[in-house]
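Engineer: Sequence and predicted structure below; questions after.
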Amino acid sequence: MGSLFRSGHITIWTDVDGVYSADPRKVPEAVCLPSLTYHEAWELSYFGANVLHPRTTLPAMKYNIPISIRNFFNLSAPGTQVLDIESEKGLTEGKVTIKGFATIDDVCLINIEGTGMVGVPGIASAVFSTVRDAGVNVIMISQASSEHSICFAVKTSEGDKAVAVLKKRFADSIAAGRVSAVDRMDHCCVLAAVGQGMVQRKGVAATMMGALAKANVNIKAIAQGSSEYNITVLIDQKDSERALRAVHSRFYLSDVPIGVGVVGPGLIGGTFIDQLKEQAAQLRSEFNIDIRVLGIADSKHMMVSEGGINLENWRQEWADNKQPADLTAFGNSLASGYIPNLAIIDCTASDAPPAHYLEWMGKGINIITPNKKLGSGPLDRYLAVRNLQRESYIHFFYEGTVGAGLPIIGTLKHLLETGDKAQRVEGIFSGTLSYIFNSFGDGRPFSEIVAEAKANGYTEPDPRDDLSGTDVARKVAILARECGLMLELGDIPVESLVPEPLQTVQSAEEYMKRLPEFDADMTRKVEEAKASGEVLRYVGIVDVKAGTGSVELRRYPASHPFAQLQGSDNIIAFTTARYGSKQPLIVRGPGAGADVTAGGVFSDLLRLAAYLGAPS
């Protein structure tokens, strides 16, 4: 009617605000598009946008009549304008590459392949004329350039008919072996990206494919016309909604949206969330990094939120919305959301979360942790995680396992990756034992200094957990594996500072009560060291040349860097081919504490964001 009267404008009144960038029932953050070109409207309507039918726009396009789509029930909404390409460019200034995403669910993939198809004219014509004559509608087509196979998508309801007529048409070729298969793959979905801004714009397809890969979505077939108005991919039906949300968020939310699940909201995990709360707005505004905490879990409870937990009062939300913990369900909940980039941050010291790392990584979830149990645990599980990391887009960051916030792992990696050869890594890895031996030697007995460290909160509630040396041994195992020594934790001899008779006492209180009985031995050792101008230090050592690791109490000259520490600082010396034994590369600083450990975790998260494309 509008074209008949040569109208200056056509308005279509409906019950929605306009054409959306995706189906808002599937993508909660879909936006109402201010404008579309006629071609974009055609494409979106074909892929399921029901506001416009392709034939509706033809008369208007013929006479360049603008179309407005408005909501009769929301008159304040400006709606969507459908225009010719030049007018539409004036509104968007050509900045919007992809306008919308849509899916066609419940399709199947028909694949025809065979060596007898290569270089034979008319094969494609025979295939598609056959399905046309059977009344089967083809949704998308993809053909290998080798001509060895042709595949196309049809509605599942028409799949049986398409396979039957093709097998009948090519019966002779199948019998002769020229066509080896006419297969059908069910439970598929077509996902399309539409936008004339893609024309001659580099990297759009790569961005879309990257978003799907990072969301752990497998692509079965791809189609793109030379007009570049749309990119169409075929994926599993089960991935339909997640894929739609992943590509939409990549183009419409921010350059790098990351959904985070925090396991262990205690001292370190809680401090990390508080640090994220303080920095979230700046990261979003200055670096276009959108980090949302989608879930929190501990050993007994968990909480998940599809859109993100309000960090301003997360502790209250955590207290009010707990449900029984299930780490498998926790990972599934994160993986089923619409944010394409995911990370679970394990801030525990437990064995339980590392047992799920492979499972989580298989769902496309990156892992960040200061938990030493995976890096120093069973070698087969460690290697499985590292192999999966290398073979996929999934990352495993663990800087905080050795030095809390100190760049120990990163420094060693950079040395090795640039061709340097590690010879020895030696250090004081325990802030607790650093404090004790920095104080020991001032005339006070060893038991008094341990009691002081416990009173000041430097030790675990049971100081034997620190003095046994097991924590240092775990760090040695992690560093040894980084250097290429595949050592198990049991391969590392540990000199325990807990006297053998006290290793089996029932309580920390009894241990502390009886510890003075053994002061004489420790006093003798420190006096012997003093007499030689030396000090005692509790160190972990990776001897790469010998292929060994150890944890022991050693004597060092008073001039040695290890003798110069104060308080609870850590220090690590890297002796390499470039940094010789006379002047090793040294990293020194606070190696414990909630703030620095949480800061190290946060740094790993931002490193993940950089890998995912955030500006540096």
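Structural biologist: Sure, I can see it. Numbers count the residues shown, from 1 in each chain.
Engineer: Please count neighbours and contacts with C-alpha atoms only from this point.
Structural biologist: Fine.
Engineer: before we move on, what SS does residue 245 have?
Structural biologist: Per DSSP: H, G, I helix; E, B strand; the rest coil, the local secondary structure of residue 245 is helix.
Engineer: how about it, what does it touch?
Structural biologist: Counting by C-alpha atoms under 8 Å, 6 or more residues apart in numbering, residue 245 touches 26, 27, 337, 338, 339, 340.
Engineer: Need the residues that contact stretch 588-606.
Structural biologist: With contact meaning C-alpha under 8 Å, 6+ apart, stretch 588-606 is reached by 267-269, 271-272, 275-276, 345, 368-370, 397-400, 403-406, 429-431, 568-572.
Engineer: So for stretch 565-579, first residue to last residue, what's the gap.
Structural biologist: End-to-end distance for stretch 565-579, by C-alpha to C-alpha, to the nearest Å: 21 Å.
Engineer: Pick out the residue nearest the middle of this protein.
Structural biologist: By C-alpha atoms, centre = their mean, the mean C-alpha position of the chain lies nearest to residue 366, the distance being 3.1 Å.
Engineer: and it, what are its bridge partners?
Structural biologist: Following DSSP bridges, residue 366 is listed with bridge partners residue 343.
Engineer: Could you check stretch 171-187 and say which residues are buried?
Structural biologist: Using 16 or more other C-alpha atoms under 10 Å as the test for burial, stretch 171-187 gives 173, 174, 178, 179, 180, 182, 184, 186.
Engineer: Could you look up the SS state of the first one?
Structural biologist: This points to residue 173. Following three-state DSSP, the label given to residue 173 is helix.
Engineer: Which parts of the stretch 501-616 of the chain are helices?
Structural biologist: Ranges of helices within the stretch 501-616 of the chain are 508-514, 519-531, 594-611, based on DSSP state H, counting those that start in this stretch.
Engineer: looking at those helices, which is closest to residue 223?
Structural biologist: Among the helices of the stretch 501-616 of the chain, the nearest to residue 223 by C-alpha to C-alpha is helix 594-611 (27.9 Å).
Engineer: Could you tell me how many residues sit around the residue nearest to residue 301 when sequence neighbours are not counted?
Structural biologist: Leaving aside its chain neighbours, residue 301 sits nearest to residue 325 (4.1 Å; criterion: C-alpha to C-alpha, 6 or more residues apart in numbering). Around residue 325 there are 16 other residues, counting by other C-alpha atoms under 10 Å.
Engineer: With the one 5 residues further on instead?
Structural biologist: Applying the criterion other C-alpha under 10 Å, we find 21 residues in the vicinity of residue 330.
Engineer: Over to residue 76?
Structural biologist: By other C-alpha under 10 Å, the residues close to residue 76 number 10.
Engineer: how close does it sit to residue 445?
Structural biologist: Counting by C-alpha to C-alpha, the gap between residue 76 and residue 445 amounts to 79 Å.
Engineer: How about residue 344: what's its closest non-neighbour residue?
Structural biologist: Nearest non-adjacent residue to residue 344, counting by C-alpha to C-alpha, 6+ apart: residue 261, 4.6 Å away.
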